[in-house]
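Peer 1: Predicted coordinates and the sequence they were generated for:
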Amino acid sequence: MHIPDPTVQSRPPVVSPAPPMAAAAPTITPAAFPLDTDNRRLCADLRVSLVGHAEGAIAKTRQILDWYRRDSQCGKLLRQEGLPISKVQGAVQALLPNFDILLLGMVKFSEYLRYVCKNTIFCVFHFDILTALKCDDS
């Protein structure tokens, strides 16, 4: 017969924590999926980034611009008349849902895009009522 020692307190069993589950890759919600066919292809090729800081957002935006440059249809437009920045803005909003340009002190997307294009082959230009993105990689 076993008589427990009253001076020794029993301890609850130690349960090891469950291994952390790998986070699923972020995806674009149906409501945020771009209507533009070029941006649909872009979003299918590139991953959503949940960064909220400026450096990561700028790098992701440059990745988007490079996708446009390498794409046969968008690349041709970039080198000729330019892409409307509303197209670029739609892609940035879809692929960077947690980023707000106000964090950089900018109100207009064209200001942000001009900042991102600094020292690259891309530029933002105004023509009549259109603000567009162009590429000079010749």
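Peer 2: Arrived safely, thanks for sending.

Peer 1: Show me which residues of the biggest helix by length in the chain are buried.
Peer 2: Scanning the chain for the longest helix, with DSSP state H as the assignment, gives helix 54-70. By neighbour count on 16 or more other CB atoms under 10 Å, the buried set for helix 54-70 is 57-58, 60-61, 64-65, 67-69. All C-beta spots, glycine's among them, are computed from the backbone N, C-alpha and C.

Peer 1: Packing partners of the helix or strand containing Asp38?
Peer 2: Per DSSP states H and E, Asp38 falls inside helix 37-45. Where contact means 3 or more CB pairs under 8 Å, 6 or more residues apart in numbering; DSSP states H and E, helix 37-45 is packed against helix 54-70, helix 85-95.

Peer 1: Go through the ones you listed and name the closest to Leu102.
Peer 2: helix 54-70 (11.0 Å; CB to CB).

Peer 1: Return the distance of that closest one from the chain's centre.
Peer 2: Its chain's average C-alpha position is 8 Å from that of helix 54-70, according to CA atoms, centre = their mean, to the nearest Å.

Peer 1: So which elements touch the helix or strand following that helix?
Peer 2: Remark: after helix 54-70, the chain's next helix or strand is helix 72-79, criterion DSSP H and E. Helices and strands touching helix 72-79, by 3+ CB pairs under 8 Å, 6+ apart, are helix 54-70, strand 130-135.

Peer 1: Tell me where the model's unsure across this structure.
Peer 2: 1-34, 129-130, 138 (pLDDT under 70).

Peer 1: Centroid-nearest residue for it?
Peer 2: With distances taken as CA atoms, centre = their mean, the residue of the chain nearest its centroid is Leu96 (3.0 Å).

Peer 1: That one and Thr120, how far apart?
Peer 2: Applying CB to CB, to the nearest Å, the value for Leu96 to Thr120 is 18 Å.

Peer 1: just to revisit the earlier point, isn't the residue nearest to the centre of the chain right next to Ala57, touching?
Peer 2: Yes: in this structure Leu96 lies within contact range of Ala57 using CB atoms under 8 Å: 5.4 Å.
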